[in-house]
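Asks: Need coordinates for the below:
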Amino acid sequence: MRQVDVGSACAVNEFSIDSAREAAQRGELAGWVAAFLSSPGSDNAVLAAALSAQKGSWCGPLRLSFDQLHRLVGPPDQPTVTRPNDDDLETVEEMDESIDEGWEPPPLIVSYRDSELVVEDGNHRIEGLRRRGCTDYWAVVGFDDDQQRDEFLTAMPGTPRP
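Replies: So this is what the prediction gives:
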């Protein structure tokens, strides 16, 4: 069985929910997202560059319901664009084992597009967590600008503003 490469950075919690929260407090969440997506385990520098260019404002981590999220990949009983392949399912199973061993998944990376919360990175994490009975998880959300972010946060009751 192939082992999930959560990366040495993730193993020492460089990209944890707490580290995302700390980056947000320092006003460095955009950099945190780019570093996370470029790190071993995520290996998605192309997405990091695209989101850095497209999203001018970030907030989070916020606890979001999976029902609020537009997933790009997922199982037949969930609304998604594509279905998981065998490698995806193996990754989900390996993440489940890692969670059993004490691994805390990093926050989901979500972008706000056309009034939808689109999962950019974290579809495997969502599926693994969903299979464990979770209905929500922490996410970092990217917006076009501060105004769009503030409007979104105003519409979410109980959400602290940055």
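Asks: Just give the strands next to the host helix or strand of Pro61 in its sheet, each with its orientation.
Replies: Element membership for Pro61 (DSSP states H and E) is strand 57-65. Take DSSP bridges as the rule and strand 57-65 pairs in its sheet with strand 136-143 (antiparallel).
Asks: The helix or strand following the partner strand - what's its average pLDDT?
Replies: Moving toward the C-terminus from strand 136-143, the next helix or strand (DSSP H and E) is helix 146-155. Average pLDDT, helix 146-155: 92.
Asks: Start at 25, not 1
Replies: Shifting the count to begin at 25 puts that one at helix 170-179.
Asks: Show me which positions of helix 170-179 end up buried.
Replies: Gln172, Arg173, Phe176, Leu177 (16 or more other CB atoms under 10 Å). Yep, even glycine has a C-beta here, placed from its N, CA and C like the rest.
Asks: Between those, which sits nearest Ser139?
Replies: Phe176 (9.1 Å; CB to CB).
Asks: Is the closest one in contact with Asp168, as I believe?
Replies: No. Using CB atoms under 8 Å, Phe176 is not in contact with Asp168; the gap is 10.6 Å.
Asks: which residues do these two both contact?
Replies: Shared contacts of Phe176 and Asp168 (CB atoms under 8 Å, 6 or more residues apart in numbering): Tyr136.
Asks: Helices along the protein, start to end?
Replies: 31-35, 41-49, 53-62, 69-78, 110-124, 147-155, 170-179 (DSSP state H).
Asks: Which residues outside the third one are in contact with it?
Replies: Applying CB under 8 Å, 6+ apart, the external contacts of helix 53-62 come out as 39, 43-44, 47-48, 66, 68-69, 71-73, 75-76, 79, 82-84, 130, 133, 145, 164, 166.
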